[in-house]
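Colleague: A predicted structure for the sequence below; I have some questions about it.
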Amino acid sequence: MVVMEEVKLGIYIPSYRRAKTATTHKFLEYYQYVVRKSEEEEYRAAGIQNILAVDDDLICGLTEVNQWLIDYAPEQLICILDDDIHHFYYRLERQESIENPVLITSEIERIAQLMLDLEVGFAATDATTSIWNYDSEFSFKGTAGAVRWINRKVFKAKCNKELEYNYDLDLVLQELLVNRIILKPKYFCSKGLTDVNEGGASAKNRQDQIVSINLMLAKWGKYFDYNLKSNKPYIRVER
């Protein structure tokens, strides 16, 4: 009999200056907020106790905190969620709200198990919850939403600081280039308040976004596109 080594899943919520407005933890059975040490007490004072505090200079930006988790999280499988999620949904023929933390956490665990079984490096929810965007339970390419999974044993991409505002799209394209597919559950969605609520990247500059988009266009050519009028990115990879 072969005894298989247990593979653990870590659920992480990077957060910056949102001690009072972060909401994602309310929907999870277990989690760790990843915050700068200088903000740790502020988060604890707000009632958030499950905290991983890291030296400020090691996680001083969006790409840095994500890359730090990819490099140093103790678990092989990690799930990284935006801190401002206020709804989870099942999306099939219709949209059904999910509020039970046990059910939501089990769905996160289910995707992680599929990644382990299929040896997939990266997974992400859809960037939109629109009903008309649902055409299958799973897809194997596409844009990334507020919930992202990483199988560190297989994952090959690196977070690029220069592409801060599009780093997750860059990760998708890197993984498609190296590992050929990502796993994208389209039946399980979330909705947040990205760039609207206090803290985080809510003050990011539009010109910086455009610079990041142009860098993506230069790096990926025909495989990436962005509609500036509707703020919609497109992964142009055939599968």
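Modeller: The structure has been received and is ready for your questions. Residues are numbered from 1 along each chain as shown.
Colleague: helix, strand or coil for V237?
Modeller: Recorded secondary structure, V237: coil (DSSP: H, G, I helix; E, B strand; the rest coil).
Colleague: burial of it, as a residue count?
Modeller: 19 (other Cβ atoms under 10 Å). (C-beta placed from N, C-alpha, C; glycine too.)
Colleague: my guess is it contacts Q174, does it?
Modeller: No. Using Cβ atoms under 8 Å, V237 is not in contact with Q174; the gap is 11.7 Å.
Colleague: could you list every residue that touches the most centrally placed residue in the chain?
Modeller: Among the residues of the chain, R148 comes closest to the average C-alpha position under Cα atoms, centre = their mean, at 3.2 Å. R148 sits next to C79, I80, L81, F122, A123, A124, T125, D168, L171 when contact means Cβ atoms under 8 Å, 6 or more residues apart in numbering.
Colleague: so which strand or helix has it?
Modeller: Element membership for R148 (DSSP states H and E) is strand 147-151.
Colleague: Would you tell me what the next helix or strand after that strand is?
Modeller: For strand 147-151, the following helix or strand on the C-terminal side (DSSP H and E) is helix 167-178.
Colleague: Just list whatever residues bridge to the closest residue to T24 other than its chain neighbours.
Modeller: The shortest distance from T24 to any non-neighbouring residue, by Cβ to Cβ, 6 or more residues apart in numbering, is to I85 (4.4 Å). With DSSP bridges as the criterion, I85 is bridged to G192.
Colleague: Run a quick neighbour tally on I85.
Modeller: 25.
Colleague: Double-check it against T125; I have them as touching.
Modeller: No. Applying Cβ under 8 Å, one finds I85 not in contact with T125, separated by 9.9 Å.
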